[in-house]
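[1] Starting from these lines, generate the structure:
(chains A and B)
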Amino acid sequence: MTVAVEPHASESSAQPGMSDQPTIAVRNLWKVFGPAEARIARQSGPGPNAESVEQTVTKLGGTIAVQDVSFDVRPGEVFVVMGLSGSGKSTLVRCLTRLIEPTLGEIDLDGENIRKASQVRLRELRRQRFSMVFQNFGLLPHRRVLDNIAFGLELRGESKATRLARAQEMLGLVGLEGLADRYPEQLSGGQQQRVGLARALAGDPEVMLLDEPFSALDPLIRRDMQNEVIRLHDDLKKTMVFITHDLAEALKLGDHVMIMRAGKVVQIGRPEELVARPADAYVEDFVRDIPKSHVLTLRWVMRPATPDDPVDGPIFPSTAVIRNALHAAAGTEKPIRVIDDNRLVGVVDRASILETIAGADPG
Amino acid sequence: MTALRWRTAALADPTSARRALAVVLVIGAAIAFVLFRGQATLTHDDDFPLFRSLNGVRDVVDDNRYVLDPIRSSVASLVDVFNFAIASLGWPGIIGIAGALGLVFGGGWLAILAVTGFASLGILGLWEASMATLGLMLAAVMIAVAIGVPLGILAGRSRRASAVIAPVLDVMQIMPTFAYLTPMTLLFFIGAAPSTVATLIYAIPPAIRITALGIRGVPEATVEAATSLGATSRQVLLKVQLPLARRAIGLGINQTIMMALSMVVITAMIGAPGLGRNILSAVQKVDVGAAFDAGLAIVILAIILDRLTFAAGEWLDPRSHFTRAQTLRQRLVGWSGPAAILAAGLLAPFAVDATRFPTDITFSFRSAINQSVDWFTDSFSGITKGIKDVLTANILNPIETVLTESPWWLVVVVAMILAWYLSGRRASIIAGLCLSAIVLLGLWGHSMSTLANVLVATALTLAIGIAIGILTARSDRLRMVLRPILDAAQTMPAFVYLIPALALFDATRFTAIVAAVIYAVPPVIRLVEIGLRAVPLTIVEAATASGATERQLLWKVRLPLSQRALLLAANQGIVLVLAMVVVGALVGAGALGYDVITGLAQGKDFGKGLAAGVAIVLLGVMLDRITQGAGGRRRSTVARAG
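    Below you'll find the predicted structure:
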């Protein structure tokens, strides 16, 4: 069974130095396709329960793609939505900018109610504040790379000189100098998606939505592109909502990861929380093959210090991944001291590190 | 194993039930025919009251001339504009333009084709007639494109618009050319204006349909990407959909031109000047040689226009450009060739008489063809006559007898049951309604004669088409030989097909059937071949690995798996055959087509001609629905079995 997790419920730590107001706040979002949609959309009140929606869908026909989804995306973070095909993740991300009209629920961008936005306002938001990267790139085959990157700016009505200068700048940012005059069909898949990234960045949006951007790429290229996204994120601090079906990718990129299954949220948490405390058997099954020492931090394996512990063991912060402490632990019998803000918060025995690597439950 | 056996048993059950039902139906119909033969046969009456009252329709229309006359005169003046332009350019100008366009769009070979093609129109002594045809056709195409492309864009972007437009196009697609003629004379008399309007109506469906397909074919992801960047609906259209659909729109215009050319020749029957008139009078005089010259001119015109517009579509496609990035210098060099040809054409009038193609270099196939036709008839008339007589006596006449001597209600009932059997309830109701309407129109007897012709021609078409289709699917060499022939056959206007049939069989009922078969066989071959070749290689391999012989492969794998393509071929074949059988009235087929022709020629028979046009459409709709649904039923059976 899936467990619907309230936002914040599994948050053991708030991110320091970030404002309280989420960039995107989604509450009780539903998307139903088919004849039943109109009836369900008319339901008012404090939000329908799953049973009543299911009854309506069975009676009138249709499918529930997104079911009562709530989450927050904090400013500047990478929020990953992970799920297998058919889990509703791509529908969900399209609902955020109403490329697909949601059936029920609230979406706020910096406190502004997106669902009530007029078509004109919506277009403004898409032009200025959101941008999107697609799995199949969505490039215009009849335009040069440079014109593709400048396309969003052209739609906004920027002058040709401005937009081409900006596009040239973006071309450099994604490492495609010299390919400005090519056509998309002449580029490799990885290069095409770099164009997609550049196009999304050109408008200097606040939020980037990436819908399985690397799923169509070879594994090696995919790794390059993931690192590229990490680099761009570090440089530009954009808030990102990243959709993927690849758990390793989710854990690598996400500040927070939301796991979806059959339209429902199964779990929301930091990568290490998913690995350490899977909400249910479904998530557990997913994370089983993930090497825990690559994801878990020392905080998950430390125990309170006792007066008997030696005070000269190696020092690591609690946010360090276990794998990084491995070398130090191997060099000494003494337990690792975990220090946050110059304060000893616990110690890690060599045995618990080895247990984690061996795959035993760290709890 | 058991599951498989159970499934097979379940499948066999309804099949054998159907078969039993079919046998019962045939026997029942036969008994009813014997019992009721000669009763309620609705013999034809030229003075059927409805025909008279349809004559009165003209008076109603005449009272509303203030709406129609402006349309008529503006269409006529558009044609005049084109004719004036063509006349002022003169023959060197036209040839120069064609050569320049050929060089720009397709390169040297296309330029040579265009120049020699146009020149040969003059050499055949048919320059004026060809240009009259060209002018009329260009006017019709211009209007068709101006209306059709926007409609296509609308249908491509809006599901609702498409739901309205698609069924109309479906019916237009199966309307035989002849059905358009009488209503046009009713509205616009005879001459250039009704011919242009008939041509544009006939030719507009591909402009709409292919444009809509092109718009819809733009990848969803690309449109979505533009929308996600904040594009307005208008920006999506202008910056994404139209540029990417440009090639499709070009193809749509190409098809519209081909259909217009086919129709503009037929409108000779309502007074259009040009090559059609030459063919018409030649066919009426059974002067095969003269018909051949004009037919050849039409084919040449068709090939040039087809290649030119097709190349233009490719050239316009933005995607084809990125392979040839050019410097300004290269571009200037590239344009200089076409410019030179054009200039030569435009400046030639200073040196030669441009208004009249020089007559001292004419060449005609007329006497040569007539001699060989005479020789052929002298030597082989025994064979052709034998074929004609055997088929007429043993197939055509019996079918016609059954259809015309059965009580009308028996034919309606059998048609309805047959439609139900093949295509379900909807088709059955439509078939019943169409036939009942024909009864009310007072054209039962003539419709049954036409139907008999159609059935015989369709049977021949399918037998020949499927046989050749199977052969071409199996032999790449045969395919290579046939392909250009089929290509050419499909660009040829319908009228042209009368000529060989006339040469072989003189003017009789059977001649129309032969023309219809020649006309309808090429598409059938192509559809069958495509269907057979589309059978997945893995299935063929699996069957071969199980030890299937070539013959078993064909009967147990390829043919069953290409059932849909075969049914589509049957559907297309029957629609094309009907159109041609009606045109065949010009070479001796009587019945409905002849009613249309006499209606055009004589005032007092106008009502009958109009009714005959309607009856032709009703027959077409009925035949189309009965055969079109067949694919759907078989599909659902297969789906149930799987």
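
[2] The closest residue to B:Ser130 other than its chain neighbours: how many residues sit nearby?
    Leaving out its chain neighbours, the residue that sits closest to B:Ser130 by C-beta to C-beta, 6 or more residues apart in numbering or on different chains is B:Leu121, at 4.3 Å. The C-beta positions use only the backbone N, C-alpha and C, and glycine is treated the same way. If you count neighbours by other C-beta atoms under 10 Å in any protein chain shown, B:Leu121 ends up with 27.

[3] same check, this time on B:Gln552
    So B:Gln552, with other C-beta under 10 Å, has 14 neighbours.

[4] Which residues does whichever strand or helix holds it contact?
    Secondary structure assignment for B:Gln552, by DSSP states H and E: helix B:550-552. Residues from elsewhere that reach helix B:550-552 (C-beta atoms under 8 Å, 6 or more residues apart in numbering or on different chains): B:Ala543.

[5] Helix or strand next in line after that helix, which one?
    Next element after helix B:550-552 (DSSP H and E): helix B:559-561.

[6] Can you give me the buried ones in that following helix?
    Across helix B:559-561, burial judged by 16 or more other C-beta atoms under 10 Å in any protein chain shown covers B:Leu559, B:Leu561.

[7] Mean confidence (pLDDT) on that helix, please.
    Across helix B:559-561, pLDDT averages out at 81.

[8] So for whatever helix or strand comes next after that helix, what gets flagged as buried?
    On the C-terminal side of helix B:559-561, the closest following helix or strand by DSSP H and E is helix B:563-583. Using 16+ other C-beta under 10 Å as the test for burial, helix B:563-583 gives B:564-583.

[9] Extract the C-alpha set from helix B:563-583 and format it as PDB.
    Listed next in PDB are the C-alpha coordinates belonging to helix B:563-583 (Å, rounded to 0.1, in the frame of the first residue of the first chain):
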ATOM      1  CA  GLN B 563      -6.900  -8.200 -45.400                       C
ATOM      2  CA  ARG B 564      -7.300  -4.600 -44.500                       C
ATOM      3  CA  ALA B 565      -5.300  -3.400 -47.500                       C
ATOM      4  CA  LEU B 566      -7.300  -5.700 -49.700                       C
ATOM      5  CA  LEU B 567     -10.500  -4.300 -48.500                       C
ATOM      6  CA  LEU B 568      -9.300  -0.800 -48.900                       C
ATOM      7  CA  ALA B 569      -8.300  -1.700 -52.500                       C
ATOM      8  CA  ALA B 570     -11.800  -3.100 -53.100                       C
ATOM      9  CA  ASN B 571     -13.300   0.100 -51.700                       C
ATOM     10  CA  GLN B 572     -11.100   2.400 -53.800                       C
ATOM     11  CA  GLY B 573     -11.600   0.200 -56.800                       C
ATOM     12  CA  ILE B 574     -15.400   0.300 -56.600                       C
ATOM     13  CA  VAL B 575     -15.500   4.100 -56.200                       C
ATOM     14  CA  LEU B 576     -13.200   4.700 -59.100                       C
ATOM     15  CA  VAL B 577     -15.000   2.200 -61.300                       C
ATOM     16  CA  LEU B 578     -18.300   4.000 -60.600                       C
ATOM     17  CA  ALA B 579     -16.900   7.300 -61.600                       C
ATOM     18  CA  MET B 580     -15.500   5.900 -64.900                       C
ATOM     19  CA  VAL B 581     -18.500   3.800 -65.800                       C
ATOM     20  CA  VAL B 582     -20.500   7.000 -65.700                       C
ATOM     21  CA  VAL B 583     -18.000   8.900 -67.900                       C
END
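
[10] Counting by contacts, list what it packs against.
    For helix B:563-583, the packing partners by 3 or more C-beta pairs under 8 Å, 6 or more residues apart in numbering or on different chains; DSSP states H and E come out as helix B:159-174, helix B:178-188, helix B:444-474, helix B:509-533, helix B:591-601, helix B:606-641.

[11] Considering these, which stretch scores lowest in mean pLDDT?
    Looking at the helices and strands packed on helix B:563-583, the bottom one is helix B:606-641 with a mean of 68.

[12] Any idea how far apart the tips of stretch B:211-222 sit?
    18 Å (C-alpha to C-alpha, to the nearest Å).

[13] Figure out the helix or strand that the nearest residue to B:Gly313 once chain neighbours are set aside lives in.
    Excluding its sequence neighbours, the residue lying closest to B:Gly313 (C-beta to C-beta, 6+ apart) is B:Gly250, at 2.6 Å. According to DSSP H and E, B:Gly250 maps onto helix B:242-266.

[14] Check A:Arg27 too.
    strand A:24-33.

[15] got any ranges where the stretch 251-363 of chain A has weak pLDDT?
    Along the stretch 251-363 of chain A, the model assigns pLDDT under 70 to residues A:359-363.

[16] okay, the angle between the helix holding B:Gly250 and helix B:563-583?
    Following axes from the mean of the first three to the mean of the last three C-alpha atoms, to 10 degrees, one obtains 40 degrees for the angle between helix B:242-266 and helix B:563-583.

[17] Kindly spell out which helices and strands sit in contact with the following helix or strand past helix B:242-266.
    Using DSSP H and E, the helix or strand that follows helix B:242-266 in sequence is helix B:275-284. Under the contact definition 3+ C-beta pairs under 8 Å, 6+ apart, helix B:275-284 sits against helix B:127-157, helix B:242-266, helix B:288-316, helix B:498-505.

[18] Of all those helices, which one comes closest to A:Glu77?
    helix B:242-266 (36.7 Å; C-beta to C-beta).

[19] tell me the mean pLDDT for that closest one?
    Averaged over helix B:242-266, pLDDT sits at 87.

[20] give me the number of residues near B:Ser381?
    Applying other C-beta under 10 Å, I find that B:Ser381 has 14 neighbouring residues.

[21] The helix or strand B:Leu200 falls within relative to helix B:127-157, how many degrees between them?
    Assigned by DSSP H and E, B:Leu200 belongs to helix B:192-217. Going by the same axes, to 10 degrees, helix B:192-217 is angled at 40 degrees with respect to helix B:127-157.

[22] Hmm, B:Phe178 and B:Pro583 touching each other?
    That one is not Pro; residue B:583 is Val. Yes. Between B:Val583 and B:Phe178 there is a contact under C-beta atoms under 8 Å: 6.2 Å.

[23] between the two, what contacts are shared?
    Counting by C-beta under 8 Å, 6+ apart, the residues touching both B:Val583 and B:Phe178 are B:Ile266, B:Gly593.

[24] Tell me which stretches of the stretch 51-200 of chain A form helices.
    A:89-96, A:119-128, A:145-149, A:151-156, A:160-173, A:189-202 (DSSP state H, counting those that start in this stretch).

[25] To B:Val168, which of those lies closest?
    helix A:119-128 (31.4 Å).

[26] what's the model's confidence in the closest one, averaged?
    Averaging pLDDT residue by residue across helix A:119-128 gives 90.
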